[in-house]
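Q: here is a sequence together with a model predicted from it:
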Amino acid sequence: MGAAGGTFFGYREQAVASPRPPRLRPQGSVSAMKLSPLIIAGLAVPGYDYFTHAGDALDDYPSAWTALPWSCRMATWTIRGGFLEVQLSYDGVVVGDQRELRFSTTTLDSFVAYRVREFLPGTDTWYQLLAII
């Protein structure tokens, strides 16, 4: 039988140099995030403006559109309660797109106005839009 030879250098554990910062909200939190203009100003990226709007969705679409000051670049929708149906407008008058949102999401969009309703009438649905314009 032959003998195996070699050298074992072992290992050592190294401490993490920069630990990850804690999350702002625990994952799966049931409390709705409400952003004040002061918080948005603190989170703002230079060169971009932000538009926020929150409210309870109605059983049917309102006749008036909620208009953004300019076309948005990205939209973050926070939803609590039921599902949300959103109509987007690219000119502020005509429906350009209609979506069913089943959960909070972020999308790349360029709409200038929107309106929302409950997907299932009678369910209490709260929403918040944070749009980068």
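A: Everything's here; your move.

Q: quick one, helices of this structure?
A: Secondary structure of the chain (DSSP state H): helices at 37-43.

Q: which secondary element of it has the worst mean pLDDT?
A: Between all helices and strands in the chain, the lowest mean by mean pLDDT, DSSP states H and E belongs to helix 37-43, at a mean of 66.

Q: how far away is the nearest residue to residue 90 once chain neighbours are set aside from residue 74?
A: With sequence-adjacent residues excluded and distances taken as Cβ to Cβ, 6 or more residues apart in numbering, residue 90 is closest to residue 96, at 4.3 Å. For the C-beta atoms, the positions are set from N, CA and C on the backbone; glycine is no exception. Residue 96 sits 17 Å away from residue 74, going by Cβ to Cβ, to the nearest Å.

Q: any low-confidence regions in the protein?
A: 1-37, 39-47 (pLDDT under 70).
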